[in-house]
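Asks: Sharing a model that was predicted from the sequence below.
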Protein chains: 2
Amino acid sequence: MTDQTKFLLPEDKLPKAWYNLAADLPVALPPPLHPGTGQPIGPDDLAPIFPMAVIAQEVSTERWIDIPEPVRDVYRLWRPSPLIRARRLEKALGTPARIYFKYEGVSPAGSHKPNTSVPQAFYNQQEGVKRLSTETGAGQWGSSLAFAGSLFGLEVEVFMVRISYNQKPYRRALMETYGATCIPSPSPLTAAGRAVLAKDPDSNGSLGIAISEAVEIAASRDDTKYALGSVLNHVCLHQTVIGEEALAQMEMAGATPDVVIACTGGGSNFAGLAFPYIREKLKGMNVRVVAVEPTSCPTLTKGRYAYDFGDTGHLTPLVKMHTLGSTFMPPGTHSGGLRYHGMAPMVSHVAELGLIEATAYPQTECFAAALAFARAEGIVPAPESSHAVKAAIVEAEAAKAEGKARTILFNLSGHGHFDMQSYTDYLAGKLKDPDYDQVALDRALAELPAVG
Amino acid sequence: MTDQTKFLLPEDKLPKAWYNLAADLPVALPPPLHPGTGQPIGPDDLAPIFPMAVIAQEVSTERWIDIPEPVRDVYRLWRPSPLIRARRLEKALGTPARIYFKYEGVSPAGSHKPNTSVPQAFYNQQEGVKRLSTETGAGQWGSSLAFAGSLFGLEVEVFMVRISYNQKPYRRALMETYGATCIPSPSPLTAAGRAVLAKDPDSNGSLGIAISEAVEIAASRDDTKYALGSVLNHVCLHQTVIGEEALAQMEMAGATPDVVIACTGGGSNFAGLAFPYIREKLKGMNVRVVAVEPTSCPTLTKGRYAYDFGDTGHLTPLVKMHTLGSTFMPPGTHSGGLRYHGMAPMVSHVAELGLIEATAYPQTECFAAALAFARAEGIVPAPESSHAVKAAIVEAEAAKAEGKARTILFNLSGHGHFDMQSYTDYLAGKLKDPDYDQVALDRALAELPAVG
């Protein structure tokens, strides 16, 4: 047994290809449908807003998709990311379990998001696009796309949910430091924004409205495309660089995980770590794969597996996924990145196939876990990532109760440097565990479109 | 020539000893003096506030001092830190220079400060100390000591300059997340604090007052010692892990620096990178070593080399250093870590010996450099570190003007995630370059104690 703390891959072990789980699914993924016709949509339907290379990846069933050299070149600024054994946390818990975590907070934007913002910016630049539009809630995705845009010479316009724009000025400052433009949404720049402002000039905005604005801008300008930070197949694909590295690093550590854990909002950091392990599981690896979500937005644990819209404004195709209904509004928590009514279709699909488990925890338990982690390992987790920390600690405590060793691997998807207000609130005892509104959930589920 | 971006040392190459420049100085360092007697002070004078192991290091002339295994164990959470070639910045500048930087922002607290907070916490724990007191301005040092205290089971009390306590709540949240207590200074907890509050109940505080409070607490309690984050010999010693790693990593890169650069406030991150290179220079390496300070607090470039107090309240011994006078108050800037009237005595000494150069830049030029760096390399520098970035860009542009290659190595001592307000102000055009008050400087220099 080794005494090592960090398991670092040299740059020449940076994966040369992303792994596409679609190639190995025992049952094919249900196709996205056109909301008007109920028929599967084709690449042409997506061409106004995405570059062709991205659309091709969205529908590909090739097992391996080469990572372009200019993308690997940027990845090398922070990748391969470290795999770290949490020895001090193990000791603090008094557990016989071995806890490893893959740390994605080392990226310039502080999370896993640049794994996909960088290739998306690259493919757009290759196809002559001059400008990218996107939406952001808490700002993780917006700052990641701003970073990628700065490297490939693309203008980036980020529609930021107005309440976050006002509450999180430092995420906005980060986007602007990278040269992006950050616009509070709803804005007067789009018809969608103007319509909302006409009804409510003081609207706080929502992710649904911000998506509508960003898509409208992209669809209405020849030189502009849209970029999305989670949910879609190509986003999950780009994130698999996490799991491919982790497989190699766990081998360096001489360990095979009994359980692999990540938090799920739209599903992308989970897919990134989990999909390569699901491939190994299909080939015979004895591994549990666990998705962790907040009890306040329990998409996988309480949602329905059905065709639904990806956005509140019903501009997107219908995709089959676990959903709380596109009109469902989860209560406010400090994990903005996990407050999404749906789930990546491919993550939902493997949940339906029984290849993964799902569990949910309230935010105060996750912050308590994050504090224990920070005091043992030094790194302050993002509130979203604290859900994975909580689940890892639960597994480690179960191992202790059983008196058995267990190897746990989780994804620490980002650091919490821009989320310190949530820690301030937690430490002051001000954090609550807001429950979702069951009546509203039932109503949202009753309104699911009658297709599929 | 390699195409590598990052040069990573494996954990087993983590230095086993710190390098003590005192062993190789061609002229011995002038001793600290007792302010009352004018005689050199001895270890006993320091015993009430520092543990004996630290005092021994403060006066040691041994060349190598072993890093205790429990300290190396903690270092492994983030060390060896990466050496990165700034290829994208080189390209953006169109320079033939090769620019490398050592990145200390990967530590849990986001700067080089844990390199010394961890051994200081360790030695105190070994000697049975239960609690550490310290002061902090912007919060980098306070959060680093809070982190170290959490790992070694020590209580940490941080006296934080009140204006920073109010303006920088997220640094305070970081300290509290690590379990430390953060007290706005001046406070009613100490005689020093009460005296200030009696005169001015709304005092914003100052580093000088906060030092007095932290020292008073340590001196008045048997179970409590004091910890300092810069200036002293043992702090510079602990930071040499930076330069020792850099020497090995530059060898991996197949490059020898023509110039080595770091910013200087109290001098510790500069000493950390520079002292091992000064050793090599004394052995014949052809390398320039450059200290960079703000024009608003030009200790090395405009100060006098003389015996002076380390604090405003005149509680400390007299040390020979470059100083602007202990009563000099530098104008407010966003680089709180560089606003110190003095300099590490050992840094001042090597400046007097002609072994290093010093230069100064105004903060707006440094922020412009930081923005160029962030847009090329992704990492947002701390305002303090941006002074090193600026100097590195000046060297790279000189190389371009000469049409000659030049190898530049600088220390990126920390990231700017907790300093985004300064970027917001810079981007809004609100940052100024405040000049120091020449009359006040002349007066402060005229008041230097008449010893040495």
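Replies: Now that the structure is in, tell me what you want to look at. Bear in mind that the values here come from a model prediction, so they are computed numbers and not experimental data.
Asks: Now do the contacts for A:I99.
Replies: Contacts for A:I99 (Cβ atoms under 8 Å, 6 or more residues apart in numbering or on different chains) come out as A:R85, A:A86, A:L89, A:E90, A:A392, A:A396, A:I408, A:F410. In short, each C-beta sits where N, CA and C put it, glycine included.
Asks: for those residues, which one is nearest A:N20?
Replies: A:N20 has its nearest neighbour among those in A:F410, at 23.3 Å by Cβ to Cβ.
Asks: Which residues are in contact with the nearest residue to A:L77 once chain neighbours are set aside?
Replies: Distances taken as Cβ to Cβ, 6 or more residues apart in numbering or on different chains put B:G378 closest to A:L77, at 5.4 Å, once the chain neighbours are dropped. Shown in contact with B:G378 (Cβ under 8 Å, 6+ apart): A:L77, A:W78, A:S107, A:P108, A:A109, A:P114, A:F147, A:L151.
Asks: any idea how far the fifth one is from chain B?
Replies: It refers to A:A109. Distance, A:A109 to chain B, by Cβ to the nearest Cβ, to the nearest Å: 8 Å.
Asks: returning to that earlier point: show the pLDDT at the residue nearest to A:L77.
Replies: Looking at B:G378, its pLDDT is 97.
Asks: same thing with the one 10 residues further on?
Replies: Predicted confidence (pLDDT) for B:A388: 98.
Asks: and if you look at A:D3?
Replies: You'll see A:D3 listed with a pLDDT of 82.
Asks: Secondary structure class of it, three-state.
Replies: coil (DSSP: H, G, I helix; E, B strand; the rest coil).
Asks: what residues does the stretch 251-400 of chain A put near chain B?
Replies: Counting by Cβ under 8 Å from any Cβ of the partner chain, the residues of the stretch 251-400 of chain A close to chain B are A:L371, A:A374, A:R375, A:A376, A:E377, A:G378, A:I379, A:V380.
Asks: how about the strand or helix carrying the third one: buried residues?
Replies: Pointing back at A:R375 there. Using DSSP states H and E, A:R375 maps to helix A:363-377. The neighbour-count check on helix A:363-377 (16 or more other Cβ atoms under 10 Å in any protein chain shown) flags A:363, A:365-377 as buried.
Asks: cool, and stretch A:173-183?
Replies: For stretch A:173-183, by 16+ other Cβ under 10 Å, it's A:A173, A:L174, A:M175, A:E176, A:T177, A:Y178, A:G179, A:A180, A:C182, A:I183.
Asks: Likewise for stretch A:193-209?
Replies: Of the residues in stretch A:193-209, those buried (16+ other Cβ under 10 Å) are A:G193, A:V196, A:L197, A:S203, A:N204, A:G205, A:S206, A:L207, A:G208, A:I209.
Asks: OK, contacts around the fifth one?
Replies: In this structure, A:N204 makes contact with A:V161, A:R162, A:I163, judged by Cβ under 8 Å, 6+ apart.
Asks: Repeat that for the third one.
Replies: A:L197 sits next to A:P186, A:S187, A:P188, A:S203 when contact means Cβ under 8 Å, 6+ apart.
Asks: measure the closest residue to chain B within the stretch 201-350 of chain A to A:R85 for me?
Replies: Going by Cβ to the nearest Cβ, chain B is nearest to A:M252 of the stretch 201-350 of chain A, at 10.8 Å. The gap separating A:M252 from A:R85 is 11 Å, by Cβ to Cβ, to the nearest Å.
Asks: Then A:N286?
Replies: 21 Å.
Asks: Surely A:T240 is in contact with A:F270?
Replies: No. In this structure A:T240 lies outside contact range of A:F270 using Cβ atoms under 8 Å: 11.2 Å.
Asks: picking up where we left off before, now which of the contacts of B:G378 would you call buried?
Replies: Using 16+ other Cβ under 10 Å, the buried ones in the contacts of B:G378 are A:L77, A:W78, A:S107, A:P108, A:A109, A:P114, A:F147, A:L151.
Asks: mind listing what the fifth one touches?
Replies: Going by Cβ under 8 Å, 6+ apart, A:A109 touches A:S117, A:Q140, A:S143, A:S144, A:A146, A:F147, A:L174, B:G378.
Asks: Tell me if I'm right that the third one and A:E176 touch.
Replies: No. Counting by Cβ under 8 Å, A:S143 does not reach A:E176; the two are 9.6 Å apart.
Asks: in the stretch 151-300 of chain A, which segments are predicted with low confidence?
Replies: Within the stretch 151-300 of chain A, no stretch has pLDDT under 70.
Asks: Ignoring the adjacent residues along the chain, who's closest to the residue of the stretch 201-350 of chain A closest to chain B?
Replies: A:M252's closest residue in space is A:F7 (Cβ to Cβ, 6+ apart), at 4.7 Å.
Asks: now A:I242
Replies: Here the residue nearest A:I242, using Cβ to Cβ, 6+ apart, is A:G272, at 3.8 Å.
Asks: for the one you found, what are its contacts?
Replies: A:G272 neighbours (Cβ under 8 Å, 6+ apart): A:H112, A:N115, A:C236, A:H238, A:Q239, A:T240, A:V241, A:I242, A:G243, A:A262, A:N411.
Asks: what number of residues lie near the second one?
Replies: Yep, that's A:N115 we're talking about. Using other Cβ atoms under 10 Å in any protein chain shown, A:N115 has 27 neighbouring residues.
Asks: in the stretch 1-150 of chain A, which spans are strands?
Replies: For the stretch 1-150 of chain A, applying DSSP state E, counting those that start in this stretch gives strands covering A:6-7, A:17-19, A:64-66, A:83-85, A:98-103, A:131-136.
Asks: burial measure for A:S348, as a count.
Replies: 27.
Asks: does it sit in a helix or strand, and which one?
Replies: With DSSP H and E as the test, A:S348 turns up in helix A:345-352.
Asks: Surely A:G229 is in contact with A:G266?
Replies: Yes. When contacts are counted by Cβ under 8 Å, A:G229 is listed as touching A:G266 (7.5 Å).
Asks: any shared contact partners between these two?
Replies: A:V235.
Asks: does the closest residue to A:R194 other than its chain neighbours belong to a helix or a strand, and which?
Replies: Nearest residue to A:R194, sequence neighbours excluded (Cβ to Cβ, 6+ apart): A:P188, at 5.6 Å. Under DSSP H and E, no helix or strand contains A:P188.
Asks: Next, work out how far apart A:P188 and A:A195 are.
Replies: 11 Å.
Asks: Let's see stretch A:432-448 as PDB, backbone CA atoms only.
Replies: Taking Å, rounded to 0.1, in the frame of the first residue of the first chain, the C-alpha atoms of stretch A:432-448 are listed here in PDB:
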ATOM      1  CA  LYS A 432     -32.800  26.200   6.300                       C
ATOM      2  CA  ASP A 433     -33.800  23.100   4.400                       C
ATOM      3  CA  PRO A 434     -36.700  24.400   2.300                       C
ATOM      4  CA  ASP A 435     -39.000  21.700   1.100                       C
ATOM      5  CA  TYR A 436     -40.500  21.700  -2.400                       C
ATOM      6  CA  ASP A 437     -44.200  22.400  -2.800                       C
ATOM      7  CA  GLN A 438     -45.900  19.000  -3.300                       C
ATOM      8  CA  VAL A 439     -49.000  20.600  -4.800                       C
ATOM      9  CA  ALA A 440     -47.000  22.500  -7.300                       C
ATOM     10  CA  LEU A 441     -45.000  19.400  -8.200                       C
ATOM     11  CA  ASP A 442     -48.100  17.400  -8.800                       C
ATOM     12  CA  ARG A 443     -49.500  20.200 -11.000                       C
ATOM     13  CA  ALA A 444     -46.200  20.400 -12.900                       C
ATOM     14  CA  LEU A 445     -46.200  16.700 -13.500                       C
ATOM     15  CA  ALA A 446     -49.800  16.700 -14.600                       C
ATOM     16  CA  GLU A 447     -48.900  19.300 -17.200                       C
ATOM     17  CA  LEU A 448     -46.200  17.100 -18.900                       C
END
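Asks: Show me the contact partners of that stretch.
Replies: A:295-298, A:302-304, A:306-308, A:323-333, A:341, A:362-364.
Asks: show me where pLDDT drops low in the stretch 351-452 of chain A?
Replies: For the stretch 351-452 of chain A (pLDDT under 70), the answer is A:452.
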